[in-house]
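J.: Would you be able to build a 3D model of this:
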Amino acid sequence: MTKKVVEIQEKAEPAYMLRNLAAKDVFPMVKIISKIGINEFMNAFEAEEIKKLVSAISTDDEAKEEDSGEKDGMTVIGISVALNIANTLLGHLGDCEQEIYAFLCGLSGKSKEELMEMPMNTFLEMVVDVFKKEEFRGFIGVVSRLVK
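T.: A predicted model of the protein is given here:
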């Protein structure tokens, strides 16, 4: 008689959960942006690769893209802007440390102490996950229109 051994992997709970962004999150985000400096923050929208992507999408009259193609292009632009913002934020992490902790505490329901004790990679993943949120991209879209 042969016994089958079945290995059961327990699903580990995620280290954090982020709620959806809401209107109340605008205020801590504005505090963070003001600590970084609005001009430096806006440079994320002015990067040369962003200008090229926008130009390529908006001037492509000959080969009219289908809606999905246009959405794909806008997604690429949104991701590029989000990465530029993440880069800017990481460069100023020390300048707005308390504001970032407060913002992430509100999104995750964790205490500042819990965030401070997180492994570095988990904490940075949390920051990046905020930038990946659909609501954040919407916020950035509105901000970028205001700057134009």
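
J.: average pLDDT for stretch 84-94?
T.: Throughout stretch 84-94, pLDDT has a mean value of 79.

J.: quick one: contacts for the nearest residue to Glu135 once chain neighbours are set aside?
T.: Ranked by CB to CB, 6 or more residues apart in numbering and with sequence neighbours excluded, the top spatial neighbour of Glu135 is Leu21, at 3.7 Å. (C-beta placed from N, C-alpha, C; glycine too.) Contacts of Leu21 were listed using CB atoms under 8 Å, 6 or more residues apart in numbering, and they are Leu107, Val130, Lys133, Glu135, Phe136, Phe139.

J.: Could I get the residues you listed in a markdown table, plus columns for neighbour count and pLDDT?
T.: Output for the contacts of Leu21, formatted as a markdown table (neighbours: other CB atoms under 10 Å; pLDDT from 0 to 100):
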| residue | neighbour count | pLDDT |
| --- | --- | --- |
| Leu107 | 21 | 97 |
| Val130 | 22 | 90 |
| Lys133 | 17 | 88 |
| Glu135 | 12 | 89 |
| Phe136 | 18 | 85 |
| Phe139 | 15 | 82 |
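
J.: so of those residues, which ones are in helices?
T.: Leu107, Val130, Glu135, Phe136, Phe139 (DSSP state H).

J.: how about low-confidence regions in the chain?
T.: Along the chain, the model assigns pLDDT under 70 to residues 1-12, 44-79, 144, 146-148.

J.: try 80
T.: For the chain, applying pLDDT under 80 flags the ranges 1-14, 38-87, 89-90, 137, 140-148.

J.: Please, where are all the helices along it?
T.: Using DSSP H, helices in the chain cover 26-36, 38-46, 48-58, 67-91, 97-108, 112-117, 120-132, 134-147.
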